[in-house]
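>>> just coords:
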């Protein structure tokens, strides 16, 4: 079978354990790749165009925005970042599920431009546990942790467009759920109707 | 976590290998039970009310139909069968996924009465392979096989309301897909929104 791949968008508050869950879920799976972003920042030593990022200048970035070549983009003070639609489409056509870890506002842009993208929200079991994890990580000041918790609450309130919610209480279980969602989404009737049509 | 269970409706032509796939998929899973039907036929020796079937008389069956207590029902010459809504709801509330193997017309009734039920269509890789499997089974005459193939084609044409399609080429792979769908459907945002709400 040659299913088309899917775009899998993953969001969730900092400290929810997204990276751990994602890396456990994609172990031993060859049908998944990560999305590669476009950026206007300069490549660092050792970075390769098309591997870490697609490196473009500001004029080309603006052109991509104008021509709707980006599924989402964000402009920061120094640099801009975006997700190139053509690259994602190409990977999906080749049968790969494309994984993208992005915050809620970017995810919403993608949801609007590509409604068939699979939207997954990963959360900790409670705000108290989120605080505990952020404190245990030891990389943030108390003030930064407070800010992250407030930000998490805001994200929850905006997260009404996600298709799936994974509660990362046990990372193994959460990874099994993420892997199951990716497998299940390939089986969607909208993705496989051709198998019925071909047999009629 | 105490997710609500889901109603999982499975259909597919005779010879698609549904039973094999289902039994492989539910091995080692404790979150799945089979639906128990209501019937007007008399219990056979050894059958227990509420285990093989809920045994009711024709008046009670008619009353269940009138009071919309059945998610689907079919009336045959001798006996009638149906799926009791209250039983299914009770299992789901207890966190169990309820599995129901039923033909397309019954599945459509359920889809209409309970739109959140998960509809899965299991098909063989081709009509030629379906014929080969029916012949290998050796239980049907050539004429019965022809009838089954025609019936399969009709079912495909009516199967536009299914959420998922599993192509049973390799039963192990098909079982993994079925199990993944059941796991993924528990993670649906509509089934887990309370975890976000509780944290806000």
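Here it is on my side, so go on. Since this is a predicted model, take the numbers as computed values, not measurements.

>>> Show me what the helix or strand bottoming out on mean pLDDT in chain A is packed up against.
Least confident helix or strand of chain A, by mean pLDDT, DSSP states H and E, is helix A:189-197 with a mean of 84. In terms of contacts (3 or more Cβ pairs under 8 Å, 6 or more residues apart in numbering or on different chains; DSSP states H and E), helix A:189-197 is packed against strand B:118-123, strand B:164-167. C-beta here means a position set from N, CA and C on the backbone, and glycine is covered the same way.

>>> Now look at the last one and say if it contacts chain A.
Put plainly, it is strand B:164-167. Yes: looking at strand B:164-167 against chain A by Cβ under 8 Å from any Cβ of the partner chain, the contacts come from B:164-167.

>>> is it fair to say residue A:129 lies in a helix?
Yes: the assignment for residue A:129 by DSSP: H, G, I helix; E, B strand; the rest coil puts it in a helix.

>>> Return the set of buried residues in the helix or strand hosting residue A:88.
For residue A:88, the host element (DSSP states H and E) is helix A:85-93. Of the residues in helix A:85-93, A:85, A:87-89, A:91-92 count as buried by neighbour count, 16 or more other Cβ atoms under 10 Å in any protein chain shown.

>>> What of stretch A:69-88?
A:69-74, A:80-85, A:87-88.

>>> Identify all contacting residues around it.
A:7, A:35-41, A:54, A:58, A:61, A:63-65, A:68, A:98, A:100, A:102, A:105-107, A:109-110, A:113-114, A:117 (Cβ atoms under 8 Å, 6 or more residues apart in numbering or on different chains).

>>> For the residues of strand B:164-167 next to chain A, could you give me a markdown table that also reports neighbour count and distance to residue A:175?
Supplementary listing: these in a markdown table, determined by neighbours: other Cβ atoms under 10 Å in any protein chain shown; distance: Cβ to Cβ, whole Å:
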| residue | neighbour count | distance to residue A:175 |
| --- | --- | --- |
| B:164 | 26 | 22 |
| B:165 | 23 | 26 |
| B:166 | 27 | 23 |
| B:167 | 22 | 26 |
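
>>> What's the per-residue pLDDT of residue A:142 here?
The per-residue pLDDT reported for residue A:142 equals 93.

>>> that older thread, of all the helices and strands packed on helix A:189-197, which lies closest to residue B:195?
strand B:118-123 (20.0 Å; Cβ to Cβ).

>>> Distance from the chain centre to that closest one, please.
8 Å (Cα atoms, centre = their mean, to the nearest Å).

>>> now stretch A:108-123
Relative to its parent chain, stretch A:108-123 has a centroid offset of 8 Å by Cα atoms, centre = their mean.

>>> Next one: that stretch, is it in contact with chain B?
Yes: looking at stretch A:108-123 against chain B by Cβ under 8 Å from any Cβ, the contacts come from A:121, A:123.

>>> mind listing what's buried in that stretch?
Here stretch A:108-123 shows A:108-111, A:114, A:117-123 as buried, counting by 16+ other Cβ under 10 Å.

>>> wait, doesn't residue A:107 sit right on residue A:9?
Yes: assessed by Cβ atoms under 8 Å, residue A:107 is found in contact with residue A:9 at 5.1 Å.

>>> which residues do the two both contact?
Shared contacts of residue A:107 and residue A:9, defined by Cβ under 8 Å, 6+ apart, comprise residue A:119.

>>> Please enumerate the strands of chain A.
A:7-11, A:32-34, A:37-39, A:53-55, A:70-75, A:80-84, A:97-101, A:118-123, A:164-167 (DSSP state E).

>>> Within its sheet, name the partner strands of the third one and how each one runs.
Applying DSSP bridges, strand A:37-39 is found paired with strand A:53-55 (parallel), strand A:80-84 (antiparallel).

>>> any chance of the ones you listed in JSON lines, with mean pLDDT and distance to residue B:177 too?
Listed next are the strands paired with strand A:37-39 as JSON lines, based on pLDDT from 0 to 100; distance: least, Cβ to Cβ, whole Å:
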{"stretch": "strand A:53-55", "mean pLDDT": "96", "distance to residue B:177": "34"}
{"stretch": "strand A:80-84", "mean pLDDT": "97", "distance to residue B:177": "28"}
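
>>> Low-confidence ranges, chain A, go.
A:1, A:200 (pLDDT under 70).

>>> and which of the buried residues of stretch A:69-88 is nearest to residue A:159?
Distances from residue A:159 to those, taken by Cβ to Cβ, are shortest for residue A:72, at 15.7 Å.

>>> which residue packs closest to that closest one, ignoring adjacent ones?
Spatial nearest neighbour of residue A:72, excluding adjacent residues (Cβ to Cβ, 6 or more residues apart in numbering or on different chains): residue A:109 at 3.7 Å.

>>> In contact with the one you found, which residues?
Neighbours of residue A:109 in contact, by Cβ under 8 Å, 6+ apart: A:71-73.

>>> about what we covered before: starting at the chain centroid, how far to the helix holding residue A:88?
15 Å.

>>> How about the residues of chain A by chain B?
Counting by Cβ under 8 Å from any Cβ, the residues of chain A near chain B are A:1, A:121, A:123, A:125-127, A:153, A:156-157, A:159, A:162-167, A:169, A:176-177, A:179-181, A:183-189, A:192-193, A:195-196, A:198-200.

>>> For ChimeraX, what selects the buried ones among those residues?
Buried residues among those (16+ other Cβ under 10 Å), as a ChimeraX selection:
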select /A:121,123,125,127,156,159,162,163,164,165,166,167,176,177,179,180,181,183,184,185,186,187,188,189,192,195,196,199
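
>>> Perfect, that will be all.
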